[in-house]
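A.B. asks: What shape does this take:
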Amino acid sequence: MAESSAREVAVRFLLQIESGAHADELARIASFRALSRRDRALAKKLVYGVLRNRRRLDFYADNLSRLPLSRLDREVLWVLRSGLFQLEQLRSPERAVVHASVDLCRRLKVASAAPFVNAVLRAFLRRKPALPDGLDAESLSIVHSHPVWLVARYLSRYGLEGARALMDRNNSEAEHALWVNPFKTSFDDFQRRLREEAVEHRVYSPLENCLIAPASFVTHPLYESGHGFFMDIASQQVASIPPLSGVKNIADACAAPGGKAFLLAARCKGGCRIVCSDSNLNRLSELRRRARLYGIPGLHLLLADWSDAVPFRLGFDLLLVDAPCSGLGTLRSRPDIRWKVLEEDLQ
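C.D. replies: Presented below is the predicted three-dimensional model:
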């Protein structure tokens, strides 16, 4: 029963992602937080696993279905994708996966599709469709579950082996880097608390105040109270690069959701004036909320679009511009992006 709840949370959230939500918002939804730690791990594995493998899962479903996938209800398609992913890559008992998938049709109010889902999953168990073995972009996009246009781009830039290596990395689970907030705790005290509670972790020594911790830590009281937050290693590295000797005034021109500004404030030990500017009011409001949670001093928030005009007369000792981009360099930690970004968006 517990696993069924985790499966339902996962499929419902995958439906939200299709409507515009982002994969990294999973930890904030109430239904996910209500699950046990074990079931949260299962729900996250299903969400990220289905997103990473969607193209291949659709290939299986299309080969086993008597209906074209375009004619299926969205709920039915995501139930199928989730069930096929579990049968192919998880160690869940096959009968339990099929039963839970059929039951999900009822929970999602598409009960009439239950026999169809049952038939497709059982057909997969009897005869898994053979994947294409070609080296063209179309074949590789199915095997490695990437959009065809992106595979073609990788092939033209990096060649076959380079493209394969990059896609394999995109499909591997990312390490979760946790920045320990020195405005709330010391690094040593934070680690001591993790050891006392048997929370698996290790120090990431190249960066200050950085640990590698399990993704499930987002529901820990220390995380929820602002003692640390997850931020990918590359982003933490950006904030560690500029020398801050003599720096008093800093501008972060594309600041939301604020992580780099928070790390700069920590490096300044709260002694710098940091102007956090962003062109999106909702994202700027989220930055304000996070800054209050983490107790970050010295921040001044400004709604502005620097591509139109620079809204300042005074100068700054340091200007940070982490400009908006396609996000395609973050597919390892954000697998949903590959299905949202189109080739024409890159212009």
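A.B. asks: Now do the helices in the stretch 201-347 of the chain.
C.D. replies: For the stretch 201-347 of the chain, the helices defined by DSSP state H, counting those that start in this stretch occupy 221-224, 233-240, 259-267, 281-294.
A.B. asks: Among those, show me which one is buried the most.
C.D. replies: The highest average neighbour count among the helices of the stretch 201-347 of the chain, using mean count of other C-beta atoms under 10 Å, belongs to helix 259-267 at a mean of 24. Using the backbone N, CA and C atoms, a C-beta is placed for each residue, glycine as well.
A.B. asks: Would you mind extracting the C-alpha trace of that one into CSV?
C.D. replies: Once non-C-alpha atoms are left out, helix 259-267 reads as follows in CSV (Å, rounded to 0.1, in the frame of the first residue of the first chain):
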residue,chain,number,x,y,z
GLY,A,259,22.4,30.9,-4.1
LYS,A,260,25.5,32.6,-5.5
ALA,A,261,24.7,35.9,-3.6
PHE,A,262,24.3,33.9,-0.4
LEU,A,263,27.7,32.3,-0.9
LEU,A,264,29.3,35.6,-1.6
ALA,A,265,27.7,37.1,1.5
ALA,A,266,29.2,34.2,3.5
ARG,A,267,32.7,34.8,2.0
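A.B. asks: Quick one: list the elements packing against that helix.
C.D. replies: Contacts of helix 259-267 with other secondary structure elements, assessed using 3 or more C-beta pairs under 8 Å, 6 or more residues apart in numbering; DSSP states H and E, are made with strand 177-180, helix 233-240, strand 249-252, strand 273-278, helix 281-294, strand 318-320.
A.B. asks: before we move on, back to that, make JSON lines out of the helices of the stretch 201-347 of the chain and add distance to residue 58 and mean pLDDT.
C.D. replies: Shown next, in JSON lines, are the helices of the stretch 201-347 of the chain (distance: least, C-beta to C-beta, whole Å; pLDDT from 0 to 100):
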{"stretch": "helix 221-224", "distance to residue 58": "35", "mean pLDDT": "93"}
{"stretch": "helix 233-240", "distance to residue 58": "30", "mean pLDDT": "92"}
{"stretch": "helix 259-267", "distance to residue 58": "34", "mean pLDDT": "96"}
{"stretch": "helix 281-294", "distance to residue 58": "32", "mean pLDDT": "95"}
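A.B. asks: Reformat these into CSV and put distance to residue 121 next to each item.
C.D. replies: Converted to CSV, the helices of the stretch 201-347 of the chain look like this (distance: least, C-beta to C-beta, whole Å):
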stretch, distance to residue 121
helix 221-224, 37
helix 233-240, 38
helix 259-267, 41
helix 281-294, 40
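A.B. asks: Nearest to residue 330 among those helices would be which one?
C.D. replies: Distance to residue 330, taken as C-beta to C-beta, is lowest for helix 233-240 among the helices of the stretch 201-347 of the chain, at 8.3 Å.
A.B. asks: In three-state terms, how would residue 194 be classified?
C.D. replies: When classified by DSSP: H, G, I helix; E, B strand; the rest coil, residue 194 comes out as helix.
A.B. asks: Please look at it and residue 201 and confirm they touch.
C.D. replies: Yes. The pair residue 194 / residue 201 is scored as a contact, 5.2 Å apart, by C-beta atoms under 8 Å.
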